[in-house]
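[1] Show me how the following folds:
(chains A, B, C and D, ligands or ions: 2)
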Protein chains: 2
Amino acid sequence: MLRLSKQADYGIVLLSYFLEPDSAPGTGNGMPRSARDLAQLAELPAPMVSKILKHLTRAGILTSQRGSHGGYHLARPATEISLASIVTALEGEIAVTECSPLLTDRTCSHESHCPVRTPLQRLDSIVRRALDGVSLAELVEPTTHRNAS
Amino acid sequence: MLRLSKQADYGIVLLSYFLEPDSAPGTGNGMPRSARDLAQLAELPAPMVSKILKHLTRAGILTSQRGSHGGYHLARPATEISLASIVTALEGEIAVTECSPLLTDRTCSHESHCPVRTPLQRLDSIVRRALDGVSLAELVEPTTHRNAS
DNA sequence: CCGATACTGGACTCGAGCGGTCCTATATTA
DNA sequence: TAATATAGGACCGCTCGAGTCCAGTATCGG
Ligand code: SF4
Ligand code: SF4
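    Residues are numbered from 1 along each chain as shown, chains lettered A, B, ... in the order given. Ligands and ions are numbered 1, 2, ... in the order given. Here you go, the predicted model:
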């Protein structure tokens, strides 16, 4: 459990295709990738792919180009795209509990007297920091630790 | 998102009541706590509390005593109960993706050609390690870092 | 200027899984 | 033996995620 939603999962899969220099013979390397092409590459349903790319674009992770020969490409180098930003884009603010201050629709009725409310918020930052420390580039190719740290 | 299930959330809440030396005036301190008492303390529905405590017991985190004056108490000191064990007990193996080797009912049809399957398994261990590094005692009372490390 | 392409935004349906309840059986003790 | 309290699991309603679909808009080629 603590499962990632499929949208987030597939989102990472799709983004990984932007890293490969030249995967499909017919397509150029610097060209934007269309939703349809990506769907075919990843063997995922096209509407789903489209939906995910839209969300990633709105979050500023991808940039889009309409019209023929349009498509998507990374908005910044893969070393500067954290997993946290991907997950946040596709399934909302990272919050282990319902009572996170980041959430607007908090419905837990125990906030006032819960003995672990505050402690669990530190857990939030632990998880968030963990996902923040891994970039897309590092995830896919562990040897590509460009910024050593 | 990446939300904890309510069972896990409430489980942590309930366990925290085992740490306080003497919370309710009527009850002794070393006495086992019954499901009914805990439900009243935490202001949670009794059947739910019962279900959670049962799961925690089967996982070896609590021990139970039947009969009158029965109840539950911690199976080991709170410093040796990791959050990971609690979460695992209440919502199953910690796995960020469906394709974790720890899971038996893997249904993802992309395991064979997925470019991020292996990388994401490292993410699994990152999250698991994070939850493993926090004990129940440390969570509730951050000053109680008995083993400094 | 027209039509094809491809993204944009959001509504919509369907099914699995979660939250929550309840009941029967068993162990313990007064 | 009666009262207490856990053990185990079946059961159900409802939410939310997965996935589809469509009307709208921008862009480019001809
Ligand atoms: S207030 Fe307590 S019970 Fe409610 S969501 Fe936060 S941690 Fe969980
Ligand atoms: S195989 Fe790939 S797509 Fe399937 S669950 Fe694992 S990471 Fe996600």
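[2] how about the residues of chain A near DNA strand C?
    Contacts of chain A with DNA strand C, taken as C-beta under 7 Å from any atom of the strand, map to A:1, A:32, A:34-36, A:50-51, A:53-54, A:57-58, A:64-72. Using the backbone N, CA and C atoms, a C-beta is placed for each residue, glycine as well.
[3] Apply the buried test to the residues you listed and list what passes.
    In those, burial by neighbour count holds for A:1, A:32, A:34-35, A:51, A:53, A:64, A:71-72, counting by 16 or more other C-beta atoms under 10 Å in any protein chain shown.
[4] Serialize these to JSON lines and add fields for pLDDT, distance to B:Glu141 and secondary structure.
    Shown next, in JSON lines, are those (pLDDT from 0 to 100; distance: C-beta to C-beta, whole Å; DSSP: H, G, I helix; E, B strand; the rest coil):
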{"residue": "A:Met1", "pLDDT": "87", "distance to B:Glu141": "26", "secondary structure": "coil"}
{"residue": "A:Pro32", "pLDDT": "88", "distance to B:Glu141": "53", "secondary structure": "coil"}
{"residue": "A:Ser34", "pLDDT": "97", "distance to B:Glu141": "54", "secondary structure": "coil"}
{"residue": "A:Ala35", "pLDDT": "97", "distance to B:Glu141": "51", "secondary structure": "helix"}
{"residue": "A:Lys51", "pLDDT": "98", "distance to B:Glu141": "44", "secondary structure": "helix"}
{"residue": "A:Leu53", "pLDDT": "98", "distance to B:Glu141": "46", "secondary structure": "helix"}
{"residue": "A:Ser64", "pLDDT": "97", "distance to B:Glu141": "49", "secondary structure": "strand"}
{"residue": "A:Gly71", "pLDDT": "96", "distance to B:Glu141": "53", "secondary structure": "strand"}
{"residue": "A:Tyr72", "pLDDT": "97", "distance to B:Glu141": "48", "secondary structure": "strand"}
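[5] Taking those residues together, which two end up most distant?
    Using C-beta to C-beta, those span at most 36.8 Å, a distance reached by A:Met1 and A:Pro32.
[6] can I assume A:His73 sits in a helix?
    No: remark: A:His73 does not belong to a helix; assigned using DSSP: H, G, I helix; E, B strand; the rest coil, it is strand.
[7] which other residues reach stretch A:101-118?
    Stretch A:101-118 is contacted by residues A:93, A:95, A:97-100, A:121, B:12-13, B:16-17, B:42-43, B:139-140 when judged by C-beta atoms under 8 Å, 6 or more residues apart in numbering or on different chains.
[8] centre of the chain versus it, how much separation?
    Distance of stretch A:101-118 from the chain centroid (C-alpha atoms, centre = their mean, to the nearest Å) equals 26 Å.
[9] same question, stretch A:99-115
    On C-alpha atoms, centre = their mean, the centre of stretch A:99-115 falls 26 Å from the chain's centre.
[10] now stretch A:86-105
    Using C-alpha atoms, centre = their mean, the offset of stretch A:86-105 from its chain centre is 14 Å.
[11] Over to stretch A:64-72?
    For stretch A:64-72, the distance to the chain centre is 21 Å (C-alpha atoms, centre = their mean).
[12] then it to CSV, C-alphas only?
    This file holds the C-alpha atoms of stretch A:64-72, laid out as CSV (Å, rounded to 0.1, in the frame of the first residue of the first chain):
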residue,chain,number,x,y,z
SER,A,64,3.2,22.0,-25.4
GLN,A,65,3.0,23.0,-29.0
ARG,A,66,-0.3,22.8,-30.8
GLY,A,67,-1.0,22.4,-34.5
SER,A,68,0.5,19.9,-36.8
HIS,A,69,3.9,18.7,-35.9
GLY,A,70,3.0,19.8,-32.4
GLY,A,71,3.5,17.8,-29.2
TYR,A,72,5.2,18.0,-25.8
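[13] if we can go back for a sec, same list, the buried ones among the residues of chain A next to DNA strand C, but as JSON lines with distance to ligand 2 please.
    Below are those laid out as JSON lines (distance: C-beta to the nearest ligand atom, whole Å):
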{"residue": "A:Met1", "distance to ligand 2": "14"}
{"residue": "A:Pro32", "distance to ligand 2": "23"}
{"residue": "A:Ser34", "distance to ligand 2": "20"}
{"residue": "A:Ala35", "distance to ligand 2": "17"}
{"residue": "A:Lys51", "distance to ligand 2": "16"}
{"residue": "A:Leu53", "distance to ligand 2": "16"}
{"residue": "A:Ser64", "distance to ligand 2": "23"}
{"residue": "A:Gly71", "distance to ligand 2": "22"}
{"residue": "A:Tyr72", "distance to ligand 2": "19"}
